[in-house]
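> Fold the following, please.
(one chain, ligands or ions: 2)
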Amino acid sequence: MKEELIIKAYEIARERYAALGIDTDKVLAQMQDFHLSLHCWQADDVIGFENAGGSLTGGIQTTGNYPGRARNIDELRADILKATSLIAGTHRLNLHEIYGDFQGKKVDRDEVTVEHFQSWIDWAKENNMKLDFNSTSFSHPKSGNLSLSSPDEGIREFWVEHTKRCRAIAEEMGKAQGDPSIMNIWVHDGAKDITVNRSLYRQQFKKSLDEIFETKYDNMRDCLESKTFGIGLESFTSGSLEFCVGYCAANDKIYTIDTGHYHPMENAADKVSSLLLYVPELMLHVTRGVRWDSDHVTIMEDPTMDLFKEIVRADAIDRVHYGLDYFDASINRIGAYVIGSRAAQKSMLCALLEPIATLRQLELEDKGFQKLALLEECKSMPWQAVWDMFCLKNDVPVGNEFIPEIEAYEREVTIKR
Ligand code: RNT
Ligand code: ZN
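Ligands and ions are numbered 1, 2, ... in the order given. Model prediction:
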């Protein structure tokens, strides 16, 4: 796209926004400071590198068999770099434990150490990326339906050991990058049918978490992710909303909002201002729920835009970590990264472009018509010109120009796998 055209459109947009009291240059600077934590698992359908061809368990599922899945660490790294080359700004990478550099050796989950992530730490440094981390309770012979909440002490202790080791790894990542690594704990624990020992499993889960968090670290942060249900585990989830929010509030832990983890009519955005009164920070897993926990690619839809608006309106930009979490195996996977990341960025941009001071004042003065009218007008303000400028400044494709780039990478690289 012609550079002059983008600049011209931006200048007009700048004036339009200035009339509403918004400084678009400042917003562009804020956008530069907005870092996503890109989930590594979209590239390979959440399989990881433990054993080639292992299958996904734990109530999550990828559907589709689009060609070109990353089959090893080199392919995954290349795909991530391709994706980030099409996304403005600098971003973090969110690794799961099963993505360790195991060099073909069998390393069980209770044996993993930082040495299995040293090459990731080096790679991330070379590529100006910071790492976040996740323990992995699924896709393992000991996963069963219950891991950290298992009544079987042997199983429970195995997963406690795993999770403790993951925290130690996250601590080393944080140290190496001079910035805390955010470590998420999500366990699939649940049951398919009517469950009578709910209390027992939740007590076990709490006991496990207390043990896991005994060691205090300075270079990593813990977060806990709740869920409504998993596939095949429809009737009970140990880590329900109440369990996780309660635990995080009582123990000063970060709560993870996965936008696909609530009832379809529930508004994830509305949780932000409540949660932040009781938990120190939030981690996001931005995804697109379609009817159930479907992990569709994030797009710029109302729930996503509302979430980012609520974060900005709550003055909480710096109290949130912006992870993505979806896995679509039915379309080009690099394309999936780019669509979702750009959609999250666009949603943040629109949130930053809101005339929030005016809107707040109108609401306080009970001027409901004026507030609603302004909110409606915001939708057709030229935010797209600011977005294009952001891409231009960051030297990434403007508009749909990233499509042929992904097609070329598919032709040259992924289709040959
Ligand atoms: C599953 C959770 C969890 C996973 C990843 C792979 O429902 O959302 O965050 O998607 O850990
Ligand atoms: Zn998630």
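> Show me which residues of the protein are close to ligand 2?
Within the chain, the residues that sit near ligand 2 (CB under 5 Å from the ion) are 258, 285, 325. For glycine as for every other residue, the C-beta is placed from the backbone atoms N, C-alpha and C.
> Of the residues you listed, which is the nearest to F402?
D325 (21.4 Å; CB to CB).
> Tally up the residues packed near that closest one, please.
For D325, the neighbour count with other CB atoms under 10 Å is 27.
> and the gap between it and L146?
Noted for D325: a distance of 22 Å to L146, by CB to CB, to the nearest Å.
> what does T63 give?
According to CB to CB, T63 and L146 sit 25 Å apart.
> which one is L282 nearest to, not counting chain neighbours?
Excluding its sequence neighbours, the residue lying closest to L282 (CB to CB, 6 or more residues apart in numbering) is V320, at 4.8 Å.
> for P355, same thing?
Once flanking residues are discounted, P355 sits nearest to L20: 4.3 Å by CB to CB, 6+ apart.
> And for D152?
L146 is the one closest to D152 (CB to CB, 6+ apart), at 7.9 Å.
> Do I have it right that that neighbour meets T195?
No. Between L146 and T195 there is no contact under CB atoms under 8 Å: 10.4 Å.
> Give me the common contacts of those two.
Y201 (CB atoms under 8 Å, 6 or more residues apart in numbering).
> just checking, G21 is part of a helix?
No. Under the criterion used here (DSSP: H, G, I helix; E, B strand; the rest coil), G21 is coil, not part of a helix.
> any idea which helix or strand comes after the helix or strand harbouring F133?
Following DSSP states H and E, one finds F133 within strand 130-134. Once the chain leaves strand 130-134, the next helix or strand it forms, by DSSP H and E, is helix 153-177.
> near ligand 1, anything from that next one?
No. Under the criterion of CB under 6 Å from any ligand atom, ligand 1 is not reached by helix 153-177; the shortest gap measures 12.0 Å.
> backbone phi and psi for the closest residue to ligand 1 within the stretch 101-250 of the chain, please?
Proximity of the stretch 101-250 of the chain to ligand 1 (CB to the nearest ligand atom) peaks at W186, 4.3 Å away. With angles defined as degrees, to the nearest 10, W186 sits at phi -130, psi 120.
> In space, what's closest to it - neighbours in sequence excluded?
Here the residue nearest W186, using CB to CB, 6+ apart, is E225, at 3.9 Å.
> My guess is the one you found contacts M183. True?
No. The criterion here is CB under 8 Å, and E225 misses it with M183 at 11.0 Å.
> who touches the residue in the stretch 51-200 of the chain that ligand 2 sits nearest to in this structure?
Closest to ligand 2 within the stretch 51-200 of the chain is W186: 5.8 Å, counting by CB to the ion. Counting by CB under 8 Å, 6+ apart, W186 touches 134, 137, 224-225, 227, 239, 256, 258.
> let's see it at 10 Å
58, 60, 96, 134-138, 223-227, 239, 244, 256, 258, 261, 285, 325 (CB atoms under 10 Å, 6 or more residues apart in numbering).
> and what of N267?
Taking CB under 10 Å, 6+ apart as the test, what N267 contacts is 259, 302-303, 306-307, 310.
> repeat for L392
1, 3, 6-7, 10, 88, 398 are the contacts of L392 under CB under 10 Å, 6+ apart.
> Can you tell me the closest non-neighbouring residue to C244?
S226 (3.6 Å).
> no, scratch that, I was asking about Q32
With sequence-adjacent residues excluded and distances taken as CB to CB, 6+ apart, Q32 is closest to G89, at 6.0 Å.
> M31: neighbour count?
M31 has 21 nearby residues by other CB under 10 Å.
> all strands of the stretch 1-150 of the chain, in order?
Under the criterion DSSP state E, counting those that start in this stretch, the stretch 1-150 of the chain contains strands at 36-39, 92-96, 130-134.
> and those as JSON lines, adding mean pLDDT and mean neighbour count?
Output for the strands of the stretch 1-150 of the chain, formatted as JSON lines (pLDDT from 0 to 100; neighbours: other CB atoms under 10 Å):
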{"stretch": "strand 36-39", "mean pLDDT": "98", "mean neighbour count": "26"}
{"stretch": "strand 92-96", "mean pLDDT": "98", "mean neighbour count": "23"}
{"stretch": "strand 130-134", "mean pLDDT": "99", "mean neighbour count": "25"}
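> how about those in TSV, adding distance to ligand 1?
Output for the strands of the stretch 1-150 of the chain, formatted as TSV (distance: least, CB to the nearest ligand atom, whole Å):
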stretch	distance to ligand 1
strand 36-39	7
strand 92-96	6
strand 130-134	5
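> In JSON lines, list those strands along with distance to S199.
Formatted as JSON lines, the strands of the stretch 1-150 of the chain follow (distance: least, CB to CB, whole Å):
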{"stretch": "strand 36-39", "distance to S199": "33"}
{"stretch": "strand 92-96", "distance to S199": "30"}
{"stretch": "strand 130-134", "distance to S199": "27"}
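> Of all those, which one is nearest V290?
Across the strands of the stretch 1-150 of the chain, closest to V290 is strand 36-39 (CB to CB), at 17.8 Å.
> Once you drop chain neighbours, what's closest to A329?
G64 (3.7 Å).
> Then F34?
Closest to F34 by CB to CB, 6+ apart is M348, at 5.5 Å.
> Might one say that that neighbour is in contact with Q30?
Yes. If you go by CB atoms under 10 Å, M348 and Q30 touch, sitting 8.5 Å apart.
> These two: which has the busier surroundings?
Neighbour comparison, M348 and Q30: the larger count goes to M348, with 24 against 15 (by other CB under 10 Å).
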